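Novice: below are the sequence and a predicted model; questions follow.
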Amino acid sequence: MQDKNSVGIVQSKIFKSEAALLLDCGRKLENYELVYETYGTLNQKKDNAILVCHALSGNHHLAGYYTKKDKHPGWWDNLIGPGKSLDTNKFFVIGVNNLGGSHGSTGPKSINPKTNKNWGSKFPILSVADWVNSQKELITHLGIKKLKAVLGGSLGGMQALQWSIQFPDALDHTIVIAAAANLTAQNIAFNEVARQSILTDPDFNQGDFYEKKLVPKRGLRLARMLGHITYLSNDVMKTKFGRKTKTKGYRYNFEPEFEVESYLNYQADKFVNEFDANTYIRMTKALDYFDPAKNNIKNLSRIFKKVRSQFLVISFTSDWRFSPDRSKEIVKALLDNNIKVSYAEIDAASGHDAFLMSNDHYHAILKNYFLKMLNKK
Amino acid sequence: MKRNNKRSDFEIISNWVGDRSKVLDLGCGDGALLNYLAERKNITGFGIEKDKDNWLLSLKNNIDVIQMDLEAGLSGFEDGSFDVVILSKTIQSMHNIEALMKEMLRVGREVIVTFPNFGYWRDRLQILMGQMPISDELPYQWFDTPNVHLCTVKDFDQFCFEHKIKVLDRLVVTKNRSVHFCPNFFGALALYQLVKK
């Protein structure tokens, strides 16, 4: 059943770029495609567009349904829609699947026109800056010179941050949620475990598994399970699962019996059917490499000198993967440069995942910030 | 950290703030003071507010507002990065006042502090009658008050002297009127303009 504030049935579109994209790794990507969705209407002045960047496992499908029978709407449907906090009656909202993704944009699963085979292991590792460059191409293609805002959580927040640095005059507002200016060693460590679980899965075959009709399910499952543990807080896991079991008494075997096990297995199974292993390991690399301040957080103030947009920075108290302290570093560097910034630290129990949840205060903040964009330049 | 609706102190504070100053308001409430200063003095203002509802009010009032707890200090701010740092009717609810004053004087070139004068005769009278004072400036019951460090004008003068804080200007007012005779007895609200010695 769809709610009356849903954007309803939506369709993806494809942007074919004719320009070659010069990547941070030194390689070039030619004739790439980006799959995207838009909601709401671009006004005549073309100044009401908001780009939403997705996180590690996200995609371009932000809101609405593809068919009437769809059970699940887009991943940020609780935020985006007519009359919702990000009001599609007022804004033109754009979601794009990042290059290298597994939901339709050119990625490792795509056919490399030069070899007529799947890219597989040959697909380059893209950076956050590369993504931003490709997104800029799409925005230009849509006839938009300046975005009202770029918005994202987690890896999406890093892209928003990168936009403000890379194209300072192409956006009015930057909204960085549950993100950081770079990853901590602990975060990189989690990513490495996830990568190793995929890389060492025999079905991964060094990344060239498509033609052999293999799927490195075991590796991808482990990576996703690990991820899920870190996206939640200890407290929320206690409340959600505790030590509850599915059956009475222990069975003394290795079948999942604690509810937390079932949850992780369910999430893992769901994930392998919709996500590509090559994409996953590349996305985690983009996360690890992201570091506009070049390994010296003090440089951030210097980097922000060229920033022209206003900022909203949001963190969540129980998020230990991207803790409030990491957001405060961004806020400090912005303040050093006299950049207009508001910062909220939201009391939420659900850990890193909180940025995807519907929390009244969180959404009220976003709603009012969006309204402010319309009222004030 | 509620802002008193009567904006008796805004005008005086405004007189101490230079045109186009960069101002940090600690415990900014709904942002009314910063908006007042933006109108009168064309300032660039930032607010700090811990309470989430007040924070949202500030955002709605177009204030750039940082959510943080003042008790943790002002570590996110560089030395001398603000022309003026204001602590308006908030000091009485702070726990570590010495540390906060030091932080304010580090971050701001000038500091403005305002507080309800606990030496005001009406407060003294209520205590003499055997009860904790309740007034316009101190509207709370003893059991629900956020105020933990109430002080008098005389106390604060002494605090500044002992902590080597220079008082550039001091005004004590009652109902918007400046009190010159026995201010620690007849004045309800004290306002200080301070710098490091």
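Specialist: Everything's here; your move. Remember, it's a predicted structure, so these values are computed and weren't measured experimentally.
Novice: all contacts plus neighbour counts: C-alpha atoms, from now on.
Specialist: OK.
Novice: would you mind listing the buried residues in the helix or strand harbouring residue B:192?
Specialist: Using DSSP states H and E, residue B:192 falls within strand B:189-196. Buried residues in strand B:189-196, counted by 16 or more other C-alpha atoms under 10 Å in any protein chain shown: B:189-196.
Novice: now render those residues as CSV, adding pLDDT.
Specialist: Converted to CSV, those look like this (pLDDT from 0 to 100):
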residue, pLDDT
B:189, 95
B:190, 97
B:191, 97
B:192, 98
B:193, 98
B:194, 98
B:195, 97
B:196, 94
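Novice: possible to save those as JSON lines with distance to residue B:183?
Specialist: Converted to JSON lines, the buried residues of strand B:189-196 look like this (distance: C-alpha to C-alpha, whole Å):
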{"residue": "B:189", "distance to residue B:183": "9"}
{"residue": "B:190", "distance to residue B:183": "9"}
{"residue": "B:191", "distance to residue B:183": "11"}
{"residue": "B:192", "distance to residue B:183": "13"}
{"residue": "B:193", "distance to residue B:183": "16"}
{"residue": "B:194", "distance to residue B:183": "18"}
{"residue": "B:195", "distance to residue B:183": "22"}
{"residue": "B:196", "distance to residue B:183": "24"}
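Novice: parallel or antiparallel, list what pairs with the strand holding residue B:192.
Specialist: Next to strand B:189-196 in the sheet, as set by DSSP bridges, lie strand B:108-116 (antiparallel), strand B:165-174 (antiparallel).
Novice: just those strands: most buried one?
Specialist: Ranked by mean neighbour count, these are led by strand B:108-116 with a mean of 23 (mean count of other C-alpha atoms under 10 Å in any protein chain shown).
Novice: pull the CA atoms of that one into CSV?
Specialist: Output of strand B:108-116 as CSV, limited to C-alpha atoms (Å, rounded to 0.1, in the frame of the first residue of the first chain):
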residue,chain,number,x,y,z
GLY,B,108,36.7,36.0,21.8
ARG,B,109,38.6,39.2,21.7
GLU,B,110,35.8,40.6,23.8
VAL,B,111,33.4,38.8,26.1
ILE,B,112,30.0,39.9,27.2
VAL,B,113,28.4,38.2,30.2
THR,B,114,25.0,38.9,31.6
PHE,B,115,23.4,37.4,34.6
PRO,B,116,20.5,37.9,37.1
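Novice: touching that strand from outside, list them.
Specialist: B:9, B:13, B:79-92, B:104-105, B:137-138, B:150-152, B:188-195 (C-alpha atoms under 8 Å, 6 or more residues apart in numbering or on different chains).
Novice: what about stretch A:349-360, how long is it end to end?
Specialist: 14 Å (C-alpha to C-alpha, to the nearest Å).
Novice: that one close to chain B?
Specialist: No. Judged by C-alpha under 8 Å from any C-alpha of the partner chain, stretch A:349-360 and chain B are separated, with a smallest distance of 11.6 Å.
Novice: next one, pLDDT for the most centrally placed residue in chain B please.
Specialist: For chain B, the residue nearest the mean C-alpha position is residue B:88 (2.0 Å; C-alpha atoms, centre = their mean). Listed pLDDT for residue B:88 reads 94.
Novice: who does it form a beta bridge with?
Specialist: As for beta bridges, residue B:88 partners with residue B:114 under DSSP bridges.
Novice: and it, what is it in contact with?
Specialist: Applying C-alpha under 8 Å, 6+ apart, we find residue B:88 in contact with B:25-27, B:112-115.
Novice: any chance of those in a markdown table with pLDDT as columns?
Specialist: What follows is the contacts of residue B:88, written out as a markdown table (pLDDT from 0 to 100):
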| residue | pLDDT |
| --- | --- |
| B:25 | 98 |
| B:26 | 97 |
| B:27 | 96 |
| B:112 | 98 |
| B:113 | 98 |
| B:114 | 96 |
| B:115 | 96 |
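Novice: output these in a markdown table, with distance to residue A:151 appended to each entry.
Specialist: Listed next are those as a markdown table, based on distance: C-alpha to C-alpha, whole Å:
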| residue | distance to residue A:151 |
| --- | --- |
| B:25 | 28 |
| B:26 | 28 |
| B:27 | 28 |
| B:112 | 37 |
| B:113 | 38 |
| B:114 | 39 |
| B:115 | 41 |
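Novice: go through the residues you listed and name the one nearest residue A:228.
Specialist: Proximity of the contacts of residue B:88 to residue A:228 was ranked by C-alpha to C-alpha; the top entry is residue B:27 with 37.3 Å.
Novice: report the distance from stretch A:122-138 to the chain centre.
Specialist: Put simply, stretch A:122-138 sits 14 Å off its chain's centre (C-alpha atoms, centre = their mean, to the nearest Å).
Novice: for that stretch, what is the average pLDDT?
Specialist: Rounded mean pLDDT across stretch A:122-138 is 98.
Novice: how about that stretch as PDB, C-alpha atoms only?
Specialist: These are the backbone C-alpha positions of stretch A:122-138, laid out as PDB (Å, rounded to 0.1, in the frame of the first residue of the first chain):
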ATOM      1  CA  LYS A 122      39.700  -4.900 -15.400                       C
ATOM      2  CA  PHE A 123      37.200  -2.300 -14.100                       C
ATOM      3  CA  PRO A 124      39.100   0.600 -12.600                       C
ATOM      4  CA  ILE A 125      38.900   1.600  -8.900                       C
ATOM      5  CA  LEU A 126      37.000   4.900  -8.800                       C
ATOM      6  CA  SER A 127      37.400   7.600  -6.200                       C
ATOM      7  CA  VAL A 128      34.900   9.900  -4.600                       C
ATOM      8  CA  ALA A 129      36.300  12.700  -6.700                       C
ATOM      9  CA  ASP A 130      35.700  10.600  -9.900                       C
ATOM     10  CA  TRP A 131      32.100  10.100  -8.900                       C
ATOM     11  CA  VAL A 132      31.600  13.800  -8.300                       C
ATOM     12  CA  ASN A 133      33.100  14.500 -11.700                       C
ATOM     13  CA  SER A 134      30.700  12.100 -13.400                       C
ATOM     14  CA  GLN A 135      27.700  13.400 -11.400                       C
ATOM     15  CA  LYS A 136      28.700  16.900 -12.500                       C
ATOM     16  CA  GLU A 137      28.500  15.700 -16.200                       C
ATOM     17  CA  LEU A 138      25.000  14.500 -15.500                       C
END
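Novice: what does chain B put close to chain A?
Specialist: Near chain A, when you scan chain B using C-alpha under 8 Å from any C-alpha, you find B:56, B:59-60, B:62, B:64-68, B:76-78, B:81.
Novice: let's see it at 6 Å
Specialist: Within chain B, the positions near chain A by C-alpha under 6 Å from any C-alpha of the partner chain are B:64-67, B:76.
Novice: top of the residues you listed by neighbour count?
Specialist: Highest neighbour count within the residues of chain B next to chain A: residue B:65, with 32 neighbours (other C-alpha atoms under 10 Å in any protein chain shown).
Novice: what's opposite it in the beta bridge?
Specialist: residue B:47.
Novice: would you mind measuring from residue A:336 to residue A:323?
Specialist: Going from residue A:336 to residue A:323 by C-alpha to C-alpha gives 21 Å.
Novice: same check, this time on residue A:215
Specialist: 34 Å.
Novice: check residue A:71 too.
Specialist: Distance, residue A:71 to residue A:323, by C-alpha to C-alpha: 33 Å.
Novice: which of the two has more neighbours?
Specialist: A direct count of neighbours by other C-alpha under 10 Å for residue A:71 and residue A:323 places residue A:323 higher, at 19 against 10.
Novice: what confidence value was assigned to the more buried one?
Specialist: The per-residue pLDDT reported for residue A:323 equals 97.
Novice: quick one: the residue sitting furthest away from the middle of chain A from residue A:375, how far?
Specialist: Most distant from the centre of chain A: residue A:249, at 40.3 Å, with distances by C-alpha atoms, centre = their mean. Shown here: residue A:249 relative to residue A:375, a distance of 60 Å by C-alpha to C-alpha.
Novice: likewise residue A:85?
Specialist: In terms of C-alpha to C-alpha, residue A:85 sits 16 Å off from residue A:375.
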